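J.: Build the 3D model from these lines:
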Amino acid sequence: MSFQIHIADSDVRFPCAPDETLLDAALKAGIELPYSCRKGVCGNCAAAVRGAPVARGVANAEAVPDGQELLCQCRPLGDLTIAPGHWRRSEPDARKQLRVKVFRHTLAAPDVSVLQLRLPTGQRAKFRAGQYLQVRLPDGSRRAYSMANAPHESDALQLHVRHVPGGQFTQRLASLQAGDELDVELPFGQVAIDPAAPTPLVCVCGGTGFAPVKSLLDDLAKRRSTRPVVLVWGSRDRQGLYLHEQVARWQRSLPGLRFVAAVEDADDAAALQAFHGRVDAAITTLAIDAALADVYCCGAPPMVNAVKAVCLQQLGLAPERFHSDAFVPGPAA
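T.: Coordinates of the predicted model:
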């Protein structure tokens with residue numbers, strides 16, 4: 001037995017079994033919805049749900065807006081209507097499973113590895129700037145990492161991997177070297193930034209949340225975009241800004257770029273002439289008309305939630321102009 005799920009203001013319906021989440025059923029039916037962690041933490045999959053009641057899984061209360069549910073944690077108890085912020089049909093055969101080789105493994109910071117991966121000869125990776133892949137580990141679990149290279153560099157993949165104490169992939173990183181193979185699947189994620197839009201783009205990232213932002217800005221530079229861009233990169237100390245030299249290259253190729261480093265360590269902030277404090281505090285000093293901007297935020301869920309609160313509640317940003325990916329450690333559901 002399965003229930004019928006209807007997407008509001010459309011003629012789209014898809015089946016969902018009682019033991020299946022609404023998100024999983026939508027993805028199986030070829031419907032792309034916003035999501036990230038699939039653990040009930042980030043809140044990206046929140047949507048209004050009407051009709052029959054739902055069985056709820058574990059969810060971070062701060063990630064659930066009033067009157068909405070997390071689709072990654074809800075199982076239907078009857079026919080339902082959902083109203084996601086946006087959705088679209090998946091492109092047929094867009095997702096690929098590939099075995100890639102490590103070309104180079106370097107340390108960008110004491111706790112950040114940069115992996116350069118090469119695809120099999122003749123293969124290309126089709127993805128949009130800001131999307132991510134999943135690495136499949138020997139036990140069948142997966143880890144999600146954003147592509148840090150731009151889409152036009154389609155014969156290779158670059159990942160920025162933070163070392164997580166006790167993390168399964170972190171342990172494997174210690175011995176990972178050129179020639180080793182990884183199984184990956186891509187692309188995932190629904191970020192879509194218009195390079196030709198005249199409104200400002202504000203990119204806010206923390207730590208390795210810089211990776212998808214790098215892909216976005218490399219793509220804008222390749223397209224010779226003139227869109228005004230503000231980059232706010234936050235870190236506890238100067239080592240967290242692990243590819244600081246990349247910013248100087250963008251400042252030459254993206255004439256509308258403004259860079260703000262937000263560093264919590266007072267001495268490092270002074271040495272870098274950076275904003276002293278967190279990114280959510282830094283963005284209140286930018287003097288941007290938030291009602292006309294698009295904000296893309298990537299990092300740990302507490303940081304993303306804090307930035308979202310500032311943008312929507314203090315700066316008056318429309319919710320549909322806030323785009324985010326939350327980095328949640330551990331395997332995806």
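J.: contacts, neighbours, all on C-alpha from now
T.: OK.
J.: Now do the helices in the stretch 151-300 of the chain.
T.: 168-173, 210-222, 244-253, 266-272, 279-282 (DSSP state H, counting those that start in this stretch).
J.: now do the stretch 1-150 of the chain
T.: Using DSSP H, counting those that start in this stretch, the helices assigned to the stretch 1-150 of the chain run over residues 22-28.
J.: Residue ranges in it under the pLDDT threshold?
T.: 61-63, 92-93 (pLDDT under 70).
J.: ranking the helices of the stretch 151-300 of the chain by burial, who's on top?
T.: helix 210-222 (a mean of 24; mean count of other C-alpha atoms under 10 Å).
J.: outside of that one, which residues touch it?
T.: For helix 210-222, contacts defined as C-alpha atoms under 8 Å, 6 or more residues apart in numbering pick out 129-132, 146-152, 159-160, 193, 195, 203, 205, 233, 250, 253-254, 298.
J.: Check stretch 74-85 too.
T.: Stretch 74-85 is contacted from outside by 3-8, 16-22, 33-34, 45-57, 320, using C-alpha under 8 Å, 6+ apart.
J.: Count the residues that sit near the closest residue to F259 other than its chain neighbours.
T.: Leaving out its chain neighbours, the residue that sits closest to F259 by C-alpha to C-alpha, 6 or more residues apart in numbering is L231, at 4.9 Å. Around L231 there are 21 other residues, counting by other C-alpha atoms under 10 Å.
J.: same check, this time on K28
T.: 14.
J.: which residue packs closest to R227, ignoring adjacent ones?
T.: Nearest residue to R227, sequence neighbours excluded (C-alpha to C-alpha, 6+ apart): P198, at 5.7 Å.
J.: Same question for A266.
T.: H276 (6.1 Å).
J.: How about A274?
T.: A261 (5.1 Å).
J.: ok, the one you found touching W233?
T.: Yes: contact status for A261 versus W233: in contact at 5.1 Å, counting by C-alpha atoms under 8 Å.
J.: neighbour-wise, which of the two wins?
T.: Each of A261 and W233 has its neighbours counted (other C-alpha under 10 Å); W233 has more, 27 against 23.
J.: Low-confidence regions, the stretch 151-300 of the chain specifically.
T.: In the stretch 151-300 of the chain (pLDDT under 70), the answer is 290-291.
J.: Distance to L117 added to the helices of the stretch 151-300 of the chain, as JSON lines?
T.: Formatted as JSON lines, the helices of the stretch 151-300 of the chain follow (distance: least, C-alpha to C-alpha, whole Å):
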{"stretch": "helix 168-173", "distance to L117": "13"}
{"stretch": "helix 210-222", "distance to L117": "15"}
{"stretch": "helix 244-253", "distance to L117": "20"}
{"stretch": "helix 266-272", "distance to L117": "32"}
{"stretch": "helix 279-282", "distance to L117": "31"}
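J.: closest one to D294 among those?
T.: Of all the helices of the stretch 151-300 of the chain, it is helix 210-222 that lies closest to D294, at 13.2 Å by C-alpha to C-alpha.
J.: Could you check the angle that closest one makes with helix 244-253?
T.: 20 degrees (axes from the mean of the first three to the mean of the last three C-alpha atoms, to 10 degrees).
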